[in-house]
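*Asks:* Below are the sequence and a predicted model for it; my questions follow.
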Amino acid sequence: MADPAPKQAPRGVVTDNLVSLQSFILEEEARYPRATGEFSWIVSAISLAAKIIAHKVRHVRLQNVLGDDGVTNVQGEEQLHMDAIANEVIMRVLGGRSSIAVLGSEEDEEPTILRRGHEGGRYCVLFDPLDGSSNLDTAVGVGTIFTILRNDPHIPGAVETVCQPGHQQVAAGYVLYGSSTVFVITTGHGVHMFELDAAVGSFMLVKRDLQMPARKKIYSVNEANADGFPEQFRRYLKWAHAEGYTSRYIGSMVADIHRTLVNGGVFLYPPTKKHPDGKLRLLYEANPMSFLVEQAGGTSVTADGRRTMDLQPGKLHERVPLVLGSRDEVDAVMRA
Ligand code: P6P
């Protein structure tokens, strides 16, 4: 006979300690006696930048920062005011951290070299400062995506240094500026979720070691592009319709992936007519999200079935077609 379900503690009884992101990272650091604290400082800086960006994102009309700069970024997309603002916040907060050698941003064509060779800097940080920013005018959830890599001072070029396969990531995560501000991170020991308590100004732990269900009948894809999908993905959609799947697509990767992590399902951005190599960027979108999904028990593959985190990147802004989410749901796509 199955064990009886654990009784819910009566309301008002503390069943878990109150843990801030800062204390959680220090707790993690204590696992490594030789840790220098440099990594913790980087995560602390990212959380500071996230709080600043969260405040600006939540007042875009009041602060009159909607609209674009009249500049086209390296992606060939119009750079919005908030893209530039979020990028500047992160560069100014992380730029002061002596443990960082190279910074790479979706908004900047080339990486920013802070320190090279003997000047030190054990880590590189790549980020998409405000993914999904085209949704800001309709107050839809947008996000910051980041990945932390080791720096190899013997590699002369900054691009070569950061073009590392996803399985070499030291940490990865995102901040979702949604109905709440959520900070999700993995350092390779599970996925942990924090929620910003604006009154206190701290990200507080709300879920330790998040695990996604192996199955969930939800797929997330922009079906308007389906005519340009490879046949396999069009077969999958027909199968999913017949199986009674639900479709959920926000068009903001951080929001779509957060729902997939929390509820399960599968997120796809296959090759399309406009983006034959996929739209999402390997180094600072696909790899960090794949690290999180794998740590939460899911899988992440490219359109031809290779493990996303095994790909060897060649360029900073390289794109990749992507299928990631619940293990059995990714399998269903790749078997279609
Ligand atoms: P589409 C936002 O522009 C973004 O880079 C991701 O956040 C999102 O998943 C994707 O593009 C949406 O692309 O072609 O469906 O509008």
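*Replies:* Structure received. Numbering: from 1, shown residues only.

*Asks:* for the helix or strand of the chain with the lowest mean pLDDT, packing partners?
*Replies:* Each helix and strand of the chain was given a mean pLDDT (mean pLDDT, DSSP states H and E); the minimum falls on strand 68-72 at a mean of 79. Judged by 3 or more C-beta pairs under 8 Å, 6 or more residues apart in numbering; DSSP states H and E, strand 68-72 is in contact with strand 78-80, helix 81-94. Where C-beta positions appear, they are placed from N, C-alpha and C, glycine not excepted.

*Asks:* The closest residue to the ligand within the stretch 1-150 of the chain: neighbour count?
*Replies:* Residue nearest to the ligand within the stretch 1-150 of the chain: residue 132 (4.0 Å; C-beta to the nearest ligand atom). For residue 132, the count of nearby residues is 21 (other C-beta atoms under 10 Å).

*Asks:* Also residue 223?
*Replies:* 11.

*Asks:* Next: the one 10 residues further on.
*Replies:* For residue 233, the number of neighbouring residues by other C-beta under 10 Å comes to 21.

*Asks:* And the one 3 residues further on, by the same measure?
*Replies:* The local packing of residue 236 (other C-beta under 10 Å) involves 24 other residues.

*Asks:* Not including adjacent chain positions, what is the nearest residue to it?
*Replies:* Of all residues not flanking residue 236 in the chain, residue 336 sits nearest, at 3.6 Å (C-beta to C-beta, 6 or more residues apart in numbering).

*Asks:* Am I right that the one you found is in contact with residue 231?
*Replies:* No: using C-beta atoms under 8 Å as the test, residue 336 is too far from residue 231 to be in contact (9.2 Å).

*Asks:* wait, isn't the residue of the stretch 1-150 of the chain closest to the ligand in contact with residue 254?
*Replies:* Yes: using C-beta under 8 Å, residue 132 makes contact with residue 254 at a distance of 6.3 Å.

*Asks:* Need the residues touching each of those two.
*Replies:* Taking C-beta atoms under 8 Å, 6 or more residues apart in numbering as the criterion, residue 132 and residue 254 both touch 141-143.

*Asks:* out of those residues, which is most surrounded?
*Replies:* Using other C-beta under 10 Å as the neighbour test, the shared contacts of residue 132 and residue 254 are led by residue 143, with 28 neighbours.

*Asks:* Angles on the backbone of that residue, please.
*Replies:* Backbone torsions for residue 143, taken as degrees, to the nearest 10, come to phi -160, psi 170.

*Asks:* cool, and the one 10 residues further on?
*Replies:* Recorded main-chain torsions at residue 153 are phi -60, psi -10, according to degrees, to the nearest 10.

*Asks:* Near the ligand, which residues of the stretch 101-250 of the chain are found?
*Replies:* 131-132, 134, 222 (C-beta under 6 Å from any ligand atom).

*Asks:* just those: which has the poorest pLDDT?
*Replies:* Across these, the bottom pLDDT score, 92, is held by residue 134.

*Asks:* my read is that one is in a helix, agree?
*Replies:* Yes: assessed with DSSP: H, G, I helix; E, B strand; the rest coil, residue 134 lies in a helix.

*Asks:* any idea how far residue 196 is from it?
*Replies:* Residue 134 sits 23 Å away from residue 196, going by C-beta to C-beta, to the nearest Å.

*Asks:* so what are the domain limits for this structure?
*Replies:* Listed domain ranges for the chain are 21-207, 218-335 (source: automatic domain parsing).

*Asks:* need the least confident one among the ones you listed, by mean pLDDT.
*Replies:* Across the domains of the chain, domain 21-207 has the smallest mean pLDDT, namely a mean of 93.

*Asks:* From the opening residue of that domain to its closing one, how far?
*Replies:* Length of domain 21-207, first residue to last, C-alpha to C-alpha, to the nearest Å: 11 Å.

*Asks:* repeat for stretch 132-142
*Replies:* Counting by C-alpha to C-alpha, you get 5 Å between the two ends of stretch 132-142.

*Asks:* Now find how far off-centre that stretch is within its chain.
*Replies:* The chain centroid and the centroid of stretch 132-142 are separated by 16 Å under C-alpha atoms, centre = their mean, to the nearest Å.

*Asks:* in that stretch, what counts as buried?
*Replies:* 132-134, 136, 141-142 (16 or more other C-beta atoms under 10 Å).

*Asks:* Which residues does that stretch contact?
*Replies:* Here stretch 132-142 has contacts from 57, 60, 66, 80, 82-83, 86, 130-131, 143, 176-179, 250-255, 258, using C-beta under 8 Å, 6+ apart.

*Asks:* Buried subset of those, written for PyMOL?
*Replies:* In PyMOL syntax, the buried subset of the contacts of stretch 132-142 is picked out as below (16+ other C-beta under 10 Å):
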select buried, resi 57+60+80+82+83+86+130+131+143+176+177+178+250+252+253+254+255+258
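
*Asks:* isn't residue 128 right up against residue 144?
*Replies:* Yes: with contact defined as C-beta under 8 Å, residue 128 reaches residue 144; the gap is 6.9 Å.

*Asks:* how many other residues sit next to residue 65?
*Replies:* Residue 65: 16 surrounding residues under other C-beta under 10 Å.

*Asks:* Enumerate every residue touching it.
*Replies:* 56, 81-82, 85.

*Asks:* swap the cut-off to 10 Å and go again
*Replies:* Contact partners of residue 65, counting by C-beta atoms under 10 Å, 6 or more residues apart in numbering, are 56-57, 59, 80-82, 84-85, 136.

*Asks:* Thank you, goodbye.
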